[in-house]
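In: sequence and computational prediction follow.
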Amino acid sequence: MKALKGENPDEFHSGQVHEGKAQIYKDSIDQYIQIIETLKKKSSMAIHDDRAAQNSGKGGKLLLIDPADYGTQHIFFDDSALE
């Protein structure tokens, strides 16, 4: 599923959120906590970014790092790195 340009992610994913298949976290601290909690249960995860927000200058790609955590290897893939 791909959101259309300018489409609100809350509205676009509302069905999946309602069914418990997706969560939307807008605050960076909430995002970081959820990432840590997910990685405690699973060894990897993927995050779908909001391309419309990125292109509007109101957002960017998030990479949260705990500077005190020396045991985590962060790997960042960017499908539009050459753009």
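Out: Now that the structure is in, tell me what you want to look at.

In: what about the residue nearest to residue 13 when sequence neighbours are not counted, distance to residue 43?
Out: Nearest-residue entry for residue 13: residue 22, 5.1 Å, with adjacent residues in sequence omitted and distances by CB to CB, 6 or more residues apart in numbering. The way it works is simple: take the backbone N, C-alpha and C, and place the C-beta from them, glycine included. Here the criterion is CB to CB, to the nearest Å. By it, residue 22 lies 20 Å from residue 43.

In: just the CA trace of the host helix or strand of residue 11, in PDB.
Out: Residue 11 is located in helix 9-12, with elements delineated by DSSP states H and E. Taking C-alpha atoms only, helix 9-12 is exported to PDB below (Å, rounded to 0.1, in the frame of the first residue of the first chain):
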ATOM      1  CA  PRO A   9      -1.000   8.900   7.100                       C
ATOM      2  CA  ASP A  10      -3.500   8.700  10.000                       C
ATOM      3  CA  GLU A  11      -6.400   8.500   7.500                       C
ATOM      4  CA  PHE A  12      -4.500   6.300   5.000                       C
END
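
In: would you mind listing the buried residues in that helix?
Out: Using 16 or more other CB atoms under 10 Å as the test for burial, helix 9-12 gives 9, 12.

In: what about the protein, any weak spots by pLDDT?
Out: Scanning the chain for pLDDT under 70 picks out 1-7, 48-54, 57-61, 78-83.

In: which helix of it spans the most residues?
Out: The longest helix of the chain (DSSP state H) is helix 28-41.

In: who touches that one?
Out: The list of residues contacting helix 28-41 from outside it, by CB atoms under 8 Å, 6 or more residues apart in numbering, reads 23, 25, 45, 47, 62, 64, 66, 72.

In: for it, buried residues please.
Out: Counting neighbours by 16+ other CB under 10 Å, one finds that the buried residues in helix 28-41 are residue 31.
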